[in-house]
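Asks: heads up, no residue letters with this:
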């Protein structure tokens, strides 16, 4: 399955701020893709150790899970910049250009607000894990502030991308919802 | 406040928020946060990142990006075209060989890629022009591919089934097996309709295909057999108890990437990045919806909405089949607007207790739900596959594609009816291979 959106990826024009944010989001996409690829290799290595060498595995399962979670959170801004997060754009398509513009400003502001909430409480949760020295209850005993760090970082980058999208719509560099005017 | 009234309020708010054009995952977080603040106070928001993280913290979820990489690497090659050609060359003596090979190629490609739009695009690019060149009606050419593409979410390995398995805590292996016979049933129904409508169009000459030499038939096999072997290997490893779905999917992903690199020369970093980029985009999108739906489901449960709805349905004196029809209509409507993964994640926590109380098998229900979602993929207003076909063959009006797809929707409805009358169509294979569930 893929996106059901009729939109195309975000436009940056010649705006320096938008280009910098786009570059950061692309970099986060690279990091996310790298982590997913790395988890493929680690899982295959784990199977090799377990079934071919008849050895036991300690860190692999936990490592690939945390890589996947981190890849998801760090990949959020990249997917947003590619407009890959599915949405129902039926009403925006039916709206007049003016109404679509207002709706786009409203939804982007609302999205930014909820993401800002996630940044705040995500940081709080990470800080708690760091200050209390939480570790996972496995033999590997991972210091949990490491994977939890993806929460504030991922959501902060997503917030940045949302702000950039908002700026692009306000400055008329990008079309509201990425939908070209009818 | 009465939890049922609250449930109705949540449903209306969710519809309003999602239809405003906000992304599904963010929309679910907005609704969850809104209700949590209103009824549990501001401090309840503290839990949101923790729940979100914990919903992703699962080894079973790893199978999603792995199967997506597997599908993307196959979809980025000429494998679809080769598969189509191989089937056409081998089914040349079968009456209506071309439309049969198109649907067969759709089923096989769907099994390999697990993606409906990718199947439509890969097979349709070759299949639609060829069918039209030989005089098949435009509606049959476009409709058969649009419908054939939907098999991607039913025939294993299917990402939609994995998501259902995770959302409802049912066995993914069992779900995959449950999709096999209904998937084949749909293929047969689609083929039967295509042959009938071609025959009815009066051009019976179309039902015979051109002939191919044995050399032509064999020379194409080396390009498609490796992929089919990987899929069979993945399924064997899973059901032979050798490895978990996530582990086999990881091996499958690596092998598919390697084969795409070796056979289809997909070694250029730009092409590899394309595969990884598409996989990352789709994986992150699905995983974020899963995480957000986890927060949404926590909100429903914390406000006692899920439990109240299940209790309320339990007290209703309605026939279980009337209930099932109502659920099907609800799913059908939801599927018209939302992608399958989002519908499953939002509906599963509410529907599963109802299904169980009414005495339906959750594995059987997964198949019915998935076919409902398949209908949504070829029905307006979203109907993703219709737009994919429109992109491949822009000169076929969307109206013709839609009209051509409608008989296939009828085939799917017929399949749902058959599944209701004969539930063992879905449950027999998993019970036979993995033993009885209960």
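Replies: Thanks, I have the structure now. These numbers come from a predicted model, not from an experiment.
Asks: what's the spacing between stretch B:159-177 and its chain's center?
Replies: If you compare the mean C-alpha spot of stretch B:159-177 with that of the full chain, they lie 12 Å apart, counting by CA atoms, centre = their mean, to the nearest Å.
Asks: what's near enough to touch residue B:231?
Replies: Going by CB atoms under 8 Å, 6 or more residues apart in numbering or on different chains, residue B:231 touches B:111, B:112, B:157, B:252. Any C-beta I mention is one placed from the backbone N, CA and C, and that applies to glycine too.
Asks: burial count for the residue nearest to residue B:21 when sequence neighbours are not counted?
Replies: Leaving out its chain neighbours, the residue that sits closest to residue B:21 by CB to CB, 6 or more residues apart in numbering or on different chains is residue A:92, at 4.2 Å. Neighbour count for residue A:92, taken as other CB atoms under 10 Å in any protein chain shown: 24.
Asks: ok, so what distance separates residue A:92 from residue A:162?
Replies: 16 Å (CB to CB, to the nearest Å).
Asks: and what of residue B:114?
Replies: 30 Å.
Asks: I'd like the mean pLDDT over the lengthiest helix in chain B, please.
Replies: Counting by DSSP state H, the longest helix found in chain B is helix B:269-302. Helix B:269-302 comes out with an average pLDDT of 91.
Asks: what do you get for stretch B:42-49?
Replies: Across stretch B:42-49, the average pLDDT comes to 93.
Asks: Same question for stretch B:306-321.
Replies: Mean predicted lDDT for stretch B:306-321 stands at 79.
Asks: residues in contact with it?
Replies: Contacts for stretch B:306-321 (CB under 8 Å, 6+ apart): B:2-4, B:7, B:297, B:300-301, B:323, B:349-350, B:353-354, B:357-360, B:420.
Asks: secondary structure class for residue A:55?
Replies: coil (DSSP: H, G, I helix; E, B strand; the rest coil).
Asks: I'd like to know how many residues surround it.
Replies: Look at residue A:55: counted by other CB under 10 Å, it has 11 neighbours.
Asks: Give me the distance between it and chain B.
Replies: Residue A:55 sits 15 Å away from chain B, taking CB to the nearest CB, to the nearest Å as the criterion.
Asks: Quick one: distance of the helix or strand where residue B:215 lies to the chain centre.
Replies: If you go by DSSP states H and E, residue B:215 is part of helix B:214-219. On the basis of CA atoms, centre = their mean, the separation between the geometric centre of helix B:214-219 and that of its chain is 33 Å.
Asks: Give me the nearest residue to residue 121, chain neighbours excluded.
Replies: With no chain named, the answer covers chain A. residue B:49 (5.0 Å).
Asks: ah, I was thinking of chain B
Replies: The shortest distance from residue B:121 to any non-neighbouring residue, by CB to CB, 6+ apart, is to residue B:388 (5.5 Å).
Asks: That neighbour against residue B:117, yeah?
Replies: Yes - contact between residue B:388 and residue B:117 holds when scored by CB atoms under 8 Å: they sit 4.8 Å apart.
Asks: joint contacts of these two?
Replies: residue B:149.
Asks: Out of the helices and strands in chain A, which is least certain?
Replies: Considering only helices and strands, the least confidently modelled element of chain A by mean pLDDT, DSSP states H and E is helix A:90-94, at a mean of 87.
Asks: what sits up against it?
Replies: Applying CB under 8 Å, 6+ apart, the external contacts of helix A:90-94 come out as A:6, A:100, A:103-104, A:176-177, A:179, B:19-21, B:337, B:381-382.
Asks: elements contacting the helix or strand just after that helix?
Replies: On the C-terminal side of helix A:90-94, the closest following helix or strand by DSSP H and E is helix A:97-132. Packing partners of helix A:97-132 (3 or more CB pairs under 8 Å, 6 or more residues apart in numbering or on different chains; DSSP states H and E): helix A:90-94, helix A:145-148, helix A:150-170, helix B:24-40, helix B:47-56.
Asks: Just want the most central residue of chain A.
Replies: residue A:76 (1.0 Å; CA atoms, centre = their mean).
Asks: can you state the direction angle for the host helix or strand of it and helix B:269-302?
Replies: Assigned by DSSP H and E, residue A:76 belongs to helix A:60-81. Here helix A:60-81 runs at an angle of 100 degrees relative to helix B:269-302 (axes from the mean of the first three to the mean of the last three CA atoms, to 10 degrees).
Asks: can you list the weak-confidence ranges in chain B?
Replies: Across chain B, the ranges flagged by pLDDT under 70 are B:93, B:95, B:203-210, B:437-438.
Asks: count of neighbours near the spatially closest residue to residue A:163 that is not a sequence neighbour?
Replies: In this structure, residue A:163 finds its nearest non-sequential neighbour in residue A:112, 6.2 Å apart by CB to CB, 6+ apart. The number of residues packed near residue A:112 is 19, by other CB under 10 Å.
Asks: shouldn't residue A:112 be in contact with residue A:159?
Replies: Yes - with contact defined as CB under 8 Å, residue A:112 reaches residue A:159; the gap is 6.1 Å.
Asks: Serialize the helices and strands packed on helix A:97-132 to CSV and add fields for distance to residue B:242.
Replies: Below are the helices and strands packed on helix A:97-132 laid out as CSV (distance: least, CB to CB, whole Å):
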stretch, distance to residue B:242
helix A:90-94, 45
helix A:145-148, 29
helix A:150-170, 32
helix B:24-40, 34
helix B:47-56, 26
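Asks: count of residues packed around residue B:213?
Replies: Applying other CB under 10 Å, we find 9 residues neighbouring residue B:213.
Asks: Tell me who's in contact with it.
Replies: Counting by CB under 8 Å, 6+ apart, there are no residues that residue B:213 touches.
Asks: Got the phi and psi for it?
Replies: phi -80, psi 160 (degrees, to the nearest 10).
Asks: re the thing from before, buried only: go through the contacts of stretch B:306-321 for me.
Replies: Buried members of the contacts of stretch B:306-321, counted by 16 or more other CB atoms under 10 Å in any protein chain shown: B:3, B:7, B:297, B:300, B:323, B:349, B:350, B:353, B:354, B:358, B:360, B:420.
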